[in-house]
Every structure is written in C-alpha cells, then in structure tokens.
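> Got a predicted model here, sequence first, then my questions.
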Amino acid sequence: MNEKRIQEVIAIEKQADEINQKAISEAERIPLQAKQEAKAIIEKARQDAEKEAQSILAKAEAKDECDRILDEAQNSIAKSQTLAKQNFNRAVTYVISRVLDRE
C-alpha cells in the first residue's frame with residue numbers, strides 16, 4: 001500500500017511539475033504576445049492617422065482650389081460689371097442723342 005501511495009505522490013508531483021512548466025511557458029509567451037499585439041495596434045493607428053492626414057490635406061487642397069476659382073470668378077464678374085456700367089452709360093448717351101436728333 002505504501003508503494004502505491006508513493007507512486008501516486010510521484011504522479012501528482014509529475015503533474016504539478018508539468019502544470020508549473022506550462023505556467024512558466026505561458027508567462028513567458030504572454031508578454032511577447034502582448035508586445036506583438038501592441039505593435040500591431042500602434043501600426044494600425046499610425047496607418048489610420050496617415051490616411052486621415054492625407055484626407056484632411058486633400059480636402060484642404062480642394063478647398064484652396066475652390067477658393068482660388070471663386071476668387072477668379074469674382075474678379076471676372078467685377079470686371080464684367082465695370083465694363084457693363086461703362087457700356088451702359090455709352091449706350092444711354094447714344095440712345096438719347098439719337099432720340100434728340102430725330103425730334
């Protein structure tokens with residue numbers, strides 16, 4: 001009976017040693033896995049930030065281009081209005097002089 005108990009104790013110690021070794025392996029693996037996951041998260045965040053920055057730059061460039069086109073259009077309109085006013089005054093003078101000449 002003692003021999004059987006000794007064998008049981010040896011088996012239990014063997015199981016305890018295996019569990020201990022697994023725990024040590026797991027304890028060593030977890031920090032490495034966490035480090036790899038952290039690197040992956042950081043890389044994804046960097047890529048997302050880069051995409052967002054590119055998007056913001058593209059929008060800013062598009063807005064700048066729109067502002068430039070709008071400025072050009074407003075300048076063109078202002079020139080056209082100035083010319084139209086000059087031509088209108090000449091046209092009125094022309095019409096009045098024609099009407100006066102006919103009477």
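Looks like it came in fine. Residues are numbered from 1 along each chain as shown.

> what about the protein, any weak spots by pLDDT?
Applying pLDDT under 70 to the chain flags residues 1, 102-103.

> Helices along the protein, start to end?
2-102 (DSSP state H).

> Quick check: the residue nearest the centre of it vs R46, distance?
Nearest to the centroid of the C-alpha atoms of the chain, with distances taken as Cα atoms, centre = their mean, sits E52, at 1.1 Å. Separation of E52 from R46 (Cβ to Cβ, to the nearest Å): 11 Å. The way it works is simple: take the backbone N, C-alpha and C, and place the C-beta from them, glycine included.

> tell me, what's touching these two both at once?
Common contact partners of E52 and R46 (Cβ atoms under 8 Å, 6 or more residues apart in numbering): none.

> Let me see the contact set for the residue nearest to the centre of the chain.
Counting by Cβ under 8 Å, 6+ apart, E52 touches no other residue.

> just wondering, since we're on it, how far is it from K59?
From E52 over to K59 (counting by Cβ to Cβ), the distance is 11 Å.

> K4: how many residues sit nearby?
8 (other Cβ atoms under 10 Å).

> Could you give the number of residues near Q15?
10.

> if I look at it, how far off is E3?
Q15 is 19 Å from E3, by Cβ to Cβ.

> State the number of residues packed around A49.
10.

> same check, this time on V95
Other residues lying near V95 total 10 when counted by other Cβ under 10 Å.

> what do you get for K39?
K39: 10 neighbours (other Cβ under 10 Å).

> Likewise for C66?
10.

> and if you look at K63?
The number of residues packed near K63 is 10, by other Cβ under 10 Å.

> For it, give its distance to E13.
Separation of K63 from E13 (Cβ to Cβ): 74 Å.

> now swap in Q47 and tell me
For Q47, the distance to E13 - Cβ to Cβ - is 51 Å.

> cool, I77 as well?
Taking Cβ to Cβ, one finds I77 at 94 Å from E13.

> try Q86
From Q86 over to E13 (counting by Cβ to Cβ), the distance is 109 Å.

> same deal with R29?
In terms of Cβ to Cβ, R29 sits 24 Å off from E13.

> What residues of stretch 49-62 count as buried?
Residues of stretch 49-62 include none that count as buried (16 or more other Cβ atoms under 10 Å).
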